[in-house]
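>>> Could you work out the structure for the sequence below:
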Amino acid sequence: MRVRGQVGERAAVPVLSAAAMLAVVVSAWLLIARDPRAAGWAALVAGSCLVLGGTLLRSGDRRARVALSFSDRAFDGCILAALAWVTRTSRPAVAAGALVALAAGFLASYIRAKGGSLGYGIEEGVVTPILRYGLLSIALVLDWTSWAIWVVAGVTVLAAVVRASQVAKEERA
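Model (predicted):
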């Protein structure tokens, strides 16, 4: 009976990752269809699935880690890119903020992956993704994107800087 529970726990992360991917696609589609409130709710579902999957993730489960990492990048890539696209002419400051957040998110992810492959211990916190997912989702629902996207961009840039500093500290040690 214990083995069955472990298999169920192991299967939960890929299921949550798949659910997050579906919600990400729905959110991006709704943004492009110019329904930001519904897109925000879908983004909140995606973010919740990703956070829950991250809490259930076991350290040795590399496939689940890859699935969650892929879903996290898809969250940023699809939702932020769709937001940048639909606001590029009507609200260029929001589009610029979305592009900065998108680029910084991919940079932070690259630093984590490259540092890990070189043997550096890059700490992964749960606070940064919760802030990104939650703030972006709430901003879409409540139409706070004018300022909230820049907060998301700032948090994401800060995450990239912190990860780069972790690599630099370990390189000096």
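
>>> alpha carbons only for contacts and neighbour counts from here, please
Will do.

>>> Now do the helices in the chain.
For the chain, the helices defined by DSSP state H cover 2-32, 36-56, 62-74, 81-87, 92-117, 127-142, 145-172.

>>> want to throw those helices into a markdown table with mean pLDDT and mean neighbour count?
Below are the helices of the chain laid out as a markdown table (pLDDT from 0 to 100; neighbours: other CA atoms under 10 Å):
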| stretch | mean pLDDT | mean neighbour count |
| --- | --- | --- |
| helix 2-32 | 83 | 18 |
| helix 36-56 | 96 | 22 |
| helix 62-74 | 91 | 18 |
| helix 81-87 | 98 | 21 |
| helix 92-117 | 94 | 20 |
| helix 127-142 | 95 | 19 |
| helix 145-172 | 93 | 18 |
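
>>> Near Ala61, how many other residues are there?
Not quite, residue 61 is Asp, not Ala. Neighbour count for Asp61, taken as other CA atoms under 10 Å: 11.

>>> how far away is it from Leu16?
14 Å (CA to CA, to the nearest Å).

>>> Same check on Phe106?
Using CA to CA, Phe106 is found at 22 Å from Leu16.

>>> now do Ala23
10 Å.
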